[in-house]
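>>> using only what follows, build the 3D model:
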Amino acid sequence: MSTKFKVLLIGCGNMAGGYDLRQPEEALPLGHAKAFHQHGSFELNSCIDPNTAQRQAFQSRWHVPHGYASWQDIPQVIGAFAVISICSPSSVHAQDIQAALALKPRLIFCEKPVTLHVAQTQQAVSDCAAQQVLLAVNHSRRWSPEVLQLKQQLAQGQWGAVRSVSAVYNKGLLNNGSHMMDLLLNLFGPLQITHVGQAVVDHFEADPSVDACLQTADGVPIQLNVAHAEDYALFEMQIVTEKGVISMEDGGARWRFRTAAPSNQLPGYNFLNHGEWITPQGSPALCNAVANLHDALTQGAALACTGIHALQAHSLCEQIQQQAVAKWPQPQDKREAV
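Here you go, the predicted model:
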């Protein structure tokens with residue numbers, strides 16, 4: 001039997017395994033711990049979290065033998081872990097990546113965003129490359145079968161020309177908007193910002209949601225709209241093409257494909273049919289991500305989402321943020337003239 005890859009997991013919250021506590025045992029994994037366990041070729045050996053109760057509960061649930069409060073507590077054994085999985089708060093990702101590199105793993109699997117600032121993300125990408133450490137980033141739809149199939153169909157021209165794209169998100173441009181930006185980049189290639197609208201603080205004070213207009217290299221217009229996170233979660237997209245309309249709802253939990261056909265009532269007109277709804281039974285994205293990590297480690301397979309991919313999405317998000325900030329009304333000086 002081959003030796004399992006040892007995993008150190010940073011942060012013991014929802015993305016590490018907390019979301020899976022609310023799911024049936026047979027459900028597909030929503031967090032890293034369950035995905036590594038289900039694959040079978042990884043060993044969750046250690047974890048780090050400053051919250052003692054949360055860390056111990058995580059260790060008990062996921063059978064992690066070693067737990068530590070901080071990086072300073074963990075034995076500094078070079079190469080002890082093949083994979084270091086980062087699920088800590090985004091604000092400490094930059095420090096966590098540097099601490100992880102000091103242990104010289106073969107691969108770092110990081111939640112998005114990689115860091116809070118493009119310069120820090122660029123540094124993380126450069127440092128990982130310099131030290132020959134693979135960097136995978138969990139923009140999860142890179143591993144979605146529905147997205148992979150759609151990307152292939154669009155590339156092969158099965159839907160004809162793309163006319164326009166409308167997308168909507170909330171809960172922060174960097175937090176959730178970066179997922180949408182990465183999805184758009186994955187499906188349509190390089191994007192250019194043509195207009196930036198209003199910033200709305202709907203969850204994170206330092207990460208407002210911002211609407212923007214972009215376009216592809218071929219000039220296809222993309223409208224990035226915002227909703228308010230206090231109302232409900234929303235992450236959806238509609239692609240208008242020559243041959244029909246493709247809709248993604250509920251973050252990718254439902255897809256609708258509508259095609260055009262000649263009207264029976266109005267000669268000379270084409271209308272869209274009611275289409276076909278596809279509702280996958282759970283998302284295998286994280287299972288596929290961990291399988292991809294394994295293939296990268298054992299076969300040299302390309303990672304579906306790398307630090308470079310994440311950097312491209314982050315760069316666009318930061319440009320939009322900066323332009324939005326420049327438009328914010330400046331506080332007026334209320335002092336009376338002397």
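>>> now the residue nearest the centre of the chain, nearest residue through space, not along the chain?
Centroid-nearest residue in the chain, with CA atoms, centre = their mean: His139, separated by 2.5 Å. Nearest non-adjacent residue to His139, counting by CB to CB, 6 or more residues apart in numbering: Asp182, 4.1 Å away. Backbone N, C-alpha and C define where each C-beta goes, glycine included.
>>> quick one: that neighbour is in a strand?
No. The assignment for Asp182, made by DSSP: H, G, I helix; E, B strand; the rest coil, is helix rather than a strand.
>>> what lies in contact with stretch 291-301?
5, 39, 41-42, 82-83, 106-107, 109, 134, 136, 143, 302-304 (CB atoms under 8 Å, 6 or more residues apart in numbering).
>>> so for it, mean pLDDT?
For stretch 291-301, mean pLDDT rounds to 98.
>>> all strands for the stretch 151-300 of the chain, in order.
162-169, 191-204, 207-216, 221-226, 236-241, 244-249, 254-262, 270-272, 276-278 (DSSP state E, counting those that start in this stretch).
>>> partners of the last one, with directions?
To tie it back to what came earlier, the one meant is strand 276-278. The pairing partners recorded for strand 276-278 under DSSP bridges are strand 254-262 (antiparallel).
>>> list the buried ones in the partner strand?
255-258, 260 (16 or more other CB atoms under 10 Å).
>>> right, and the residue nearest to the centre of the chain touches Cys305 too?
Yes. Contact criterion CB atoms under 8 Å: His139 and Cys305 qualify, at 4.8 Å.
>>> okay, and the common contacts of those two?
Asp182.
>>> could you identify the longest helix within the chain?
helix 307-327 (DSSP state H).
>>> just give me how far that helix sits from the chain centre.
Centroid separation between helix 307-327 and its chain, computed with CA atoms, centre = their mean, to the nearest Å, is 14 Å.
>>> same thing with stretch 289-307?
Per CA atoms, centre = their mean, the centroid offset for stretch 289-307 relative to its chain is 16 Å.
>>> that stretch spans what distance, first to last residue?
End-to-end span of stretch 289-307 (CA to CA, to the nearest Å): 14 Å.
>>> I'd like the mean pLDDT over the helix or strand Ser126 falls within, please.
Per DSSP states H and E, Ser126 falls inside helix 118-130. Taken as a whole, helix 118-130 has a mean pLDDT of 98.
>>> output that helix as PDB, restricted to C-alpha atoms.
The C-alpha trace of helix 118-130 is given here as PDB (Å, rounded to 0.1, in the frame of the first residue of the first chain):
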ATOM      1  CA  VAL A 118      -2.800  42.100  -5.100                       C
ATOM      2  CA  ALA A 119       0.800  42.800  -4.200                       C
ATOM      3  CA  GLN A 120       0.600  40.200  -1.400                       C
ATOM      4  CA  THR A 121      -1.000  37.700  -3.800                       C
ATOM      5  CA  GLN A 122       1.700  38.400  -6.400                       C
ATOM      6  CA  GLN A 123       4.400  37.800  -3.600                       C
ATOM      7  CA  ALA A 124       2.700  34.500  -2.600                       C
ATOM      8  CA  VAL A 125       2.600  33.300  -6.200                       C
ATOM      9  CA  SER A 126       6.200  34.300  -6.800                       C
ATOM     10  CA  ASP A 127       7.500  32.800  -3.600                       C
ATOM     11  CA  CYS A 128       5.700  29.500  -4.200                       C
ATOM     12  CA  ALA A 129       7.200  29.300  -7.800                       C
ATOM     13  CA  ALA A 130      10.700  30.200  -6.500                       C
END
